[in-house]
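Student: Pasting the sequence and the predicted model now:
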Amino acid sequence: MSSDQAPENQQFLIGDWLFHADLHRLERENDVVKLEPRVAELLLFMAMRPGESISRSNLMDALWPNMVVGDEALSNAVNKLRKALGDDHHDPLFIETIPKVGYRLIAAVGLPEPSKATPDIVQENPPAELSRLRAWRLPLVAALTIAVISIYFIYQMYVPQIQEETASQDVVYSLAVMPFESLGDDPVQLNLADGLTEDLITDFSRLSNMLVISGTSTNHYRGKDILPQTLAEELGVDFILKGNVRRIGDKIRVNAQLIDAKNGYNRWAERYDKGVEEIFAVQNDVTNSILTSFDLKPPSQEMERVDRAATSNLLAYDYFLEGQRLSKIQTKESHEEARVAYRKAIDADPGYGRAYGALAYLMSVSYRRGWTDTPTETIDRAVQLGKQGVELDDTIPQTYWSLGFAYLMKRDFEKAEQVLQDAIRIAPSYADGYGLLALIKNNQGEPEKAIEYIRKGMRLNPFFTWDYYFNLGRAYYTMGRYEEAIEYLLKAKERNENVIQIRLILAASYVNVNRMDEAEWEVEEVQFLNPTETLTHTRQTMPMTNIAYLDKFISDLRKAGLPE
């Protein structure tokens, strides 16, 4: 059997297990184990490459193509597969970890005897060639049809909406800041390149006459050589800003170029050779040079925000960027490491408002995830840190966002909404601000308003993260439109399988359409991700003001099997 061709009946013998890839099921004597679709895809991918060392990056590309997910998604899928197989990662019989590389399926892989396989249901025994043709024709036609519809949907849905949004806000130009390339293997250099990219996006998002695509969407193209015209079509923008960064000792070189996305020609380009401590001056010069190129003269209040650097302390900036990298991993251990990094950033620059905001967000997440023994003190401290962040730097939307998130977790919805409206006021292109406003409205029991905000965020962030679909799904659950809720929640879960809230609302939605097996499965997965998740904990930490909605949600979860 070739490594890229599965058997027609999609069945394998893997060790002493019979694997039904099409049914997402493992069988062994009297044992039957159901697999999540993504876990089944992982096993199928490895079963078609038995004994091969497969890198984490290849597995990520195969299982989550064109999706923004964290490395922990793969680790979680591997852990679930090991649990299903009854494997021990310390003494594996099935899946071996190759340190710093990836994984290898070490169990024997073969095809089952015909008597052991599930018999095919046929009619009048058609010729073998015709059977194979029929077996492959329908999936192929379906896949091509879905692909064409998807491309048409993305084009019709997002590009016209971005253009409509551009017109309604009197936007003169639309811009995508692509991830600056790091010309070195040092993680510190990668952090610096990512930090420069994000800071430039923040600068431009604060201008009311520019539409700036979210960094989440532009990060989708990291490391890919895409024609400017293609980016213009897919992101609906006029111009592309791209560049690279190289740091050697205390020196830094930055190359930047502004490209007209319609014809691929450079509108502006510059190379900077500076001391590394001048990175903030380079960032400011890039922003102002592009505004000059566009002949834009933003209001003085907006330019004051753009010209103000979040910090001028390079050591504090390095610690902050390391905290950003760690916080994206979304584990208890990585959050603790990120907290230490942010603390070091604040120690290096006590006036670094954004570091206070980032720390406030971490503490709010710890409160929500139950990672603290003192929840009340933790969320109160998060609010305090968020306020300090805004007081120290009220020119960037991220500090407002962090404070708004802390207020949301504290269930002070009025203040949370007010703070997020301030974030949108100073940064009209801040997609995450609309996303959090949608979450606030969901918690206030205003699903229609939540949908309005999340659609605005999607227009600014065409390659949005899991939380956008989550907010749509949650809004439709509240409205009693459960099939639509399930549709969007499944899409959210595809992008991040580790988010407990997705699975909880998905389980509640399944209960309402009488799909109890699937509801119970989601609750089992919640318990696997967080054994402390109970009805009591969910009621205490789910920030919903409408008691009737909360009671129904808890009742649905009780039916799905979540323990008291």
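Tutor: Structure received. Residues are numbered from 1 along each chain as shown.

Student: number of nearby residues for Thr97?
Tutor: When neighbours are counted by other C-beta atoms under 10 Å, Thr97 registers 14. The C-beta positions use only the backbone N, C-alpha and C, and glycine is treated the same way.

Student: Show me which residues of the one helix or strand it maps to are buried.
Tutor: Per DSSP states H and E, Thr97 falls inside strand 95-98. If you call a residue buried by 16 or more other C-beta atoms under 10 Å, then strand 95-98 has these buried ones: 95-96.

Student: Kindly report the same for stretch 91-108.
Tutor: Quick answer for stretch 91-108 (16+ other C-beta under 10 Å): 92, 94-96, 102-107.

Student: could those go into CSV alongside distance to Tyr361 and pLDDT?
Tutor: Putting the buried residues of stretch 91-108 into CSV (distance: C-beta to C-beta, whole Å; pLDDT from 0 to 100) gives the following:
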residue, distance to Tyr361, pLDDT
Pro92, 37, 85
Phe94, 38, 90
Ile95, 35, 90
Glu96, 37, 88
Gly102, 31, 84
Tyr103, 32, 89
Arg104, 38, 88
Leu105, 39, 91
Ile106, 41, 88
Ala107, 42, 88
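
Student: for these, which one is nearest Asn284?
Tutor: Set against Asn284, the nearest of the buried residues of stretch 91-108 by C-beta to C-beta is Gly102 (41.6 Å).

Student: hey, what's the closest one bridged with?
Tutor: Assessed by DSSP bridges, Gly102 has beta-bridge partners Ser55, Ile98.

Student: does it really touch Ser53, like I thought?
Tutor: Yes - if you go by C-beta atoms under 8 Å, Gly102 and Ser53 touch, sitting 6.3 Å apart.

Student: So for those two, which residues contact both of them?
Tutor: Shared contacts of Gly102 and Ser53 (C-beta atoms under 8 Å, 6 or more residues apart in numbering): none.

Student: quick revisit: what's in contact with the strand holding Thr97?
Tutor: 46, 53, 78, 81-82, 85, 87, 89, 103-106.

Student: Where does pLDDT dip in this structure?
Tutor: 1-9, 66-72, 100, 114-171, 185-188, 299-301, 305, 307 (pLDDT under 70).

Student: What segments of it are strands?
Tutor: Under the criterion DSSP state E, the chain carries strands at the ranges 11-14, 17-20, 25-28, 31-34, 53-55, 95-98, 102-105, 109-110, 173-177, 181-182, 210-212, 239-248, 251-260, 266-275.

Student: With distance to Thr545 added, can I get the ones you listed in JSON lines?
Tutor: Output for the strands of the chain, formatted as JSON lines (distance: least, C-beta to C-beta, whole Å):
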{"stretch": "strand 11-14", "distance to Thr545": "50"}
{"stretch": "strand 17-20", "distance to Thr545": "46"}
{"stretch": "strand 25-28", "distance to Thr545": "42"}
{"stretch": "strand 31-34", "distance to Thr545": "37"}
{"stretch": "strand 53-55", "distance to Thr545": "47"}
{"stretch": "strand 95-98", "distance to Thr545": "46"}
{"stretch": "strand 102-105", "distance to Thr545": "45"}
{"stretch": "strand 109-110", "distance to Thr545": "54"}
{"stretch": "strand 173-177", "distance to Thr545": "37"}
{"stretch": "strand 181-182", "distance to Thr545": "45"}
{"stretch": "strand 210-212", "distance to Thr545": "33"}
{"stretch": "strand 239-248", "distance to Thr545": "42"}
{"stretch": "strand 251-260", "distance to Thr545": "46"}
{"stretch": "strand 266-275", "distance to Thr545": "49"}
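
Student: Between those strands, which one is closest to Arg539.
Tutor: Each of the strands of the chain has some distance to Arg539 by C-beta to C-beta; the shortest is strand 31-34, at 28.9 Å.

Student: list the buried ones in the closest one?
Tutor: The neighbour-count check on strand 31-34 (16+ other C-beta under 10 Å) flags nothing as buried.

Student: what pairs with it, and is each one parallel or antiparallel?
Tutor: Applying DSSP bridges, one finds strand 31-34 paired with strand 25-28 (antiparallel).

Student: which residue ranges form the helices in the stretch 301-450 of the chain?
Tutor: Assigned by DSSP state H, counting those that start in this stretch, the stretch 301-450 of the chain shows helices spanning 314-327, 332-348, 353-369, 375-392, 397-409, 413-426, 431-443, 447-460.

Student: Determine the set of other helices and strands touching the longest one.
Tutor: Translated: helix 375-392. Applying 3 or more C-beta pairs under 8 Å, 6 or more residues apart in numbering; DSSP states H and E, we find helix 375-392 packed against helix 353-369, helix 397-409.
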